[in-house]
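Participant: Quick check, what structure comes out for this input:
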Amino acid sequence: GAAEDAGPGALVAPPLAELAGHSSVAGSQRDLLRRGGEGEEEEEAAEGGKRGSCHAGKIDDVVFGRPEPHLTHRSRILSTTLLETVTPDRIRAAAERLAPVVMPSPLLPLSVDGAGEVLLKCESLHPIGSFKLRGAGNALLAAPREALRRGVVTASAGNMAQGVAWWARRLGVPCTAVVPERAPAAKLGPFERMGGRVLRVPFDEWWRTMEERGHPDVTGHFVHPVAEADVIAGNATIGLELAASVPDAAAILVPWGGGGLASGIALGLRAAGSDARVIACEVETAAPRRASRAAGAPVRIDYTPSW
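Facilitator: Predicted coordinates:
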């Protein structure tokens, strides 16, 4: 995703969720929480260090640009209008729905020389190995039962598909995932073992499925992998847990792809009264948000496929 700035400097802000753009961070996409007041990351970034730029800012509209270099279309996926519907009451309702099934993920210490106290929020320990269990679960539990009668559909290359399939099996409804042709077998195998049906389509067609919230060859209740209030509210329960477990956290580092996880965590923290800074992290091979913030508008970037 790439954020639209009003110009150089801070993003224009709805009041609930502040994000700082700490981009081009290489390595594993793990949720990383830092506690302590040293501020080395911010200072290094401000000096143009290898970690990239880091600006205090707030969420404005997010453009989820296609990563394929030959594609020129960009569609707005997340917006301030959508994020403003993810209210504290909605987030607390999500936490109540998920509590009987989804255990809070643990915080484990990470030893890093000279970095203060660093804790890992281990969302990988959920049954499907991903935080997507939260958003998928809240979206399906919040939907009217009649809406699920013909099954559920999502557009996902793997993790969201697994989350939707896990809950669909629990609720006894069929599940279909529309996936890009190059979706990895390592992600789709578990989805199919949970009873999910895979519909492989060209990348453009997969992207249109997200834009149009459905596919003409599939019927069922569509769960958007990013731009759905109940999905973001499910993600926001991570923020509630962080605020309760580490109330003095100085910063939360969150992987940034479509923006649904980072936005959700920021909203959950604010709903719990935390003012911890939220820093969005992009992998070096696909970092449109950093480039767009620097340019003051969405820009095209060089993209290196990882699969």
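Participant: now the helices for the stretch 151-300 of the chain?
Facilitator: Using DSSP state H, counting those that start in this stretch, the helices of the stretch 151-300 of the chain run over residues 159-171, 185-193, 203-212, 229-245, 260-271, 288-295.
Participant: for the ones you listed, which one sits closest to Val101?
Facilitator: Nearest of the helices of the stretch 151-300 of the chain to Val101, taken as CB to CB: helix 159-171 at 7.8 Å. Heads up, the C-betas are built off the backbone N, CA and C, glycines and all.
Participant: what's that closest one packed up against?
Facilitator: Under the contact criterion of 3 or more CB pairs under 8 Å, 6 or more residues apart in numbering; DSSP states H and E, helix 159-171 touches helix 132-142, strand 152-155, strand 175-180, helix 185-193.
Participant: Mean neighbour count and distance to Glu228 added to the ones you listed, as TSV?
Facilitator: Converted to TSV, the helices and strands packed on helix 159-171 look like this (neighbours: other CB atoms under 10 Å; distance: least, CB to CB, whole Å):
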stretch	mean neighbour count	distance to Glu228
helix 132-142	27	6
strand 152-155	28	10
strand 175-180	25	15
helix 185-193	16	19
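Participant: can you put those in TSV and add distance to Asp248 and mean pLDDT?
Facilitator: Converted to TSV, those look like this (distance: least, CB to CB, whole Å; pLDDT from 0 to 100):
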stretch	distance to Asp248	mean pLDDT
helix 132-142	24	98
strand 152-155	37	97
strand 175-180	40	96
helix 185-193	36	93
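Participant: Among these, which comes closest to Met103?
Facilitator: Comparing the helices and strands packed on helix 159-171 by CB to CB, helix 132-142 comes nearest, at 10.1 Å.
Participant: got the contact list for that closest one?
Facilitator: 93-94, 97-98, 101-102, 126-127, 148, 152, 154, 159-160, 162-164, 166-168, 171, 223, 225, 228, 230-235, 237-238, 260, 264 (CB atoms under 8 Å, 6 or more residues apart in numbering).
Participant: hmm, which of those residues are the buried ones?
Facilitator: 93-94, 97-98, 102, 126, 148, 152, 154, 159-160, 162-164, 166-168, 223, 225, 228, 230-235, 237-238, 260, 264 (16 or more other CB atoms under 10 Å).
Participant: Just give the number of residues close to Ala161.
Facilitator: Number of residues near Ala161 (other CB atoms under 10 Å) recorded here: 31.
Participant: err, Met194, not the other one
Facilitator: Number of residues near Met194 (other CB under 10 Å) recorded here: 19.
Participant: With Arg208 instead?
Facilitator: Around Arg208 there are 18 residues (other CB under 10 Å).
Participant: do the same with Ala251
Facilitator: Look at Ala251: counted by other CB under 10 Å, it has 21 neighbours.
Participant: returning to that earlier point: take the helices of the stretch 151-300 of the chain and write them to JSON lines, including distance to Asp302.
Facilitator: Below are the helices of the stretch 151-300 of the chain laid out as JSON lines (distance: least, CB to CB, whole Å):
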{"stretch": "helix 159-171", "distance to Asp302": "25"}
{"stretch": "helix 185-193", "distance to Asp302": "25"}
{"stretch": "helix 203-212", "distance to Asp302": "17"}
{"stretch": "helix 229-245", "distance to Asp302": "29"}
{"stretch": "helix 260-271", "distance to Asp302": "23"}
{"stretch": "helix 288-295", "distance to Asp302": "10"}
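Participant: can I get the helices and strands packed on helix 159-171 in JSON lines with distance to Arg277?
Facilitator: Shown next, in JSON lines, are these (distance: least, CB to CB, whole Å):
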{"stretch": "helix 132-142", "distance to Arg277": "22"}
{"stretch": "strand 152-155", "distance to Arg277": "31"}
{"stretch": "strand 175-180", "distance to Arg277": "34"}
{"stretch": "helix 185-193", "distance to Arg277": "31"}
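Participant: what's the closest of the ones you listed to Glu212?
Facilitator: Taking CB to CB, strand 152-155 is the member of those nearest to Glu212, at 9.7 Å.
Participant: chain center to that closest one: distance?
Facilitator: Centroid separation between strand 152-155 and its chain, computed with CA atoms, centre = their mean, to the nearest Å, is 17 Å.
Participant: Stretch 258-269 too?
Facilitator: With CA atoms, centre = their mean, you get 7 Å for stretch 258-269.
Participant: Doesn't Glu146 lie inside a helix?
Facilitator: Yes. Counting by DSSP: H, G, I helix; E, B strand; the rest coil, Glu146 is part of a helix.
Participant: Begin at 10 from now on, thanks
Facilitator: Yes, from this point I'll number from 10; that puts the last item at Glu155.
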